[in-house]
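Engineer: How does the following fold in three dimensions:
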Amino acid sequence: QVYLVESGGGLAPPGGSLQLSCAVSGSFITIFDMAWYRQAPGAQRELVAKVTPTGGTDYADSVKGRFTISRDNTKNTVDLQMNNLRPEDTAVYYCWTQTKVPRKFDPRTSWGRGTQVTVVI
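Structural biologist: Reported below is the predicted structural model:
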């Protein structure tokens, strides 16, 4: 089993900042890509940002220049620094990873339970 635990959600005003963190634990050999997704009420889950094992990043157009994803391969964590928040950033944010697990050829995809981010005046 691979476990993802998110922290850091909450309330922020427009223009404010929040940092999300995700810790990965359990039985795995290595972590491949790590990412943050979000899902707003009534909307589909969407990719916010992704980071490769070597630090390459990719962002949704809506968050470019405002959000920064980073990972610590020694601690098995991935963070999302969110600056200049907007009301439309309100959503449940989910941590996502793909890992190499013992005795399995295909990578395992794992999700956290999500953390609520609310941007409101």
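Engineer: Tell me where this structure has strands.
Structural biologist: Taking DSSP state E to define them, one finds strands in the chain at 2-7, 10-12, 18-26, 30-39, 46-51, 57-59, 67-72, 77-82, 91-100, 108-111, 115-119.
Engineer: What residues sit buried inside stretch 21-31?
Structural biologist: By neighbour count on 16 or more other C-beta atoms under 10 Å, the buried set for stretch 21-31 is 21, 22, 23, 24, 28, 31. (Each C-beta comes from the backbone N, C-alpha and C, glycine too.)
Engineer: Find the nearest non-adjacent residue to the fourth one, please.
Structural biologist: In other words, residue 24. By the measure of C-beta to C-beta, 6 or more residues apart in numbering, the closest residue to residue 24 outside its immediate chain neighbours is residue 76, 4.4 Å from it.
Engineer: The last one now?
Structural biologist: The spatial neighbour of residue 31 that comes closest, neighbours along the chain excluded (C-beta to C-beta, 6+ apart), is residue 99 at 5.2 Å.
Engineer: Which pLDDT value belongs to the one you found?
Structural biologist: The confidence metric pLDDT takes the value 93 at residue 99.
Engineer: ok, now residue 44?
Structural biologist: For residue 44, the pLDDT comes out at 97.
Engineer: roughly how far apart are it and residue 56?
Structural biologist: Between residue 44 and residue 56 the distance is 25 Å, computed by C-beta to C-beta, to the nearest Å.
Engineer: Which residue of the chain is positioned most peripherally relative to its centre?
Structural biologist: residue 103 (26.6 Å; C-alpha atoms, centre = their mean).
Engineer: Next, work out how far apart residue 59 and residue 47 are.
Structural biologist: Using C-beta to C-beta, one obtains 9 Å as the distance from residue 59 to residue 47.
Engineer: between the two, which one's more packed in?
Structural biologist: Comparing residue 59 with residue 47 by neighbour count (other C-beta atoms under 10 Å), the higher total belongs to residue 59, at 18 against 14.
Engineer: for the more buried one, which residues make a bridge with it?
Structural biologist: residue 49 (DSSP bridges).
Engineer: Settle this for me: the residue nearest to residue 24 is touching residue 22, isn't it.
Structural biologist: No: between residue 76 and residue 22 there is no contact, the gap being 9.2 Å when judged by C-beta atoms under 8 Å.
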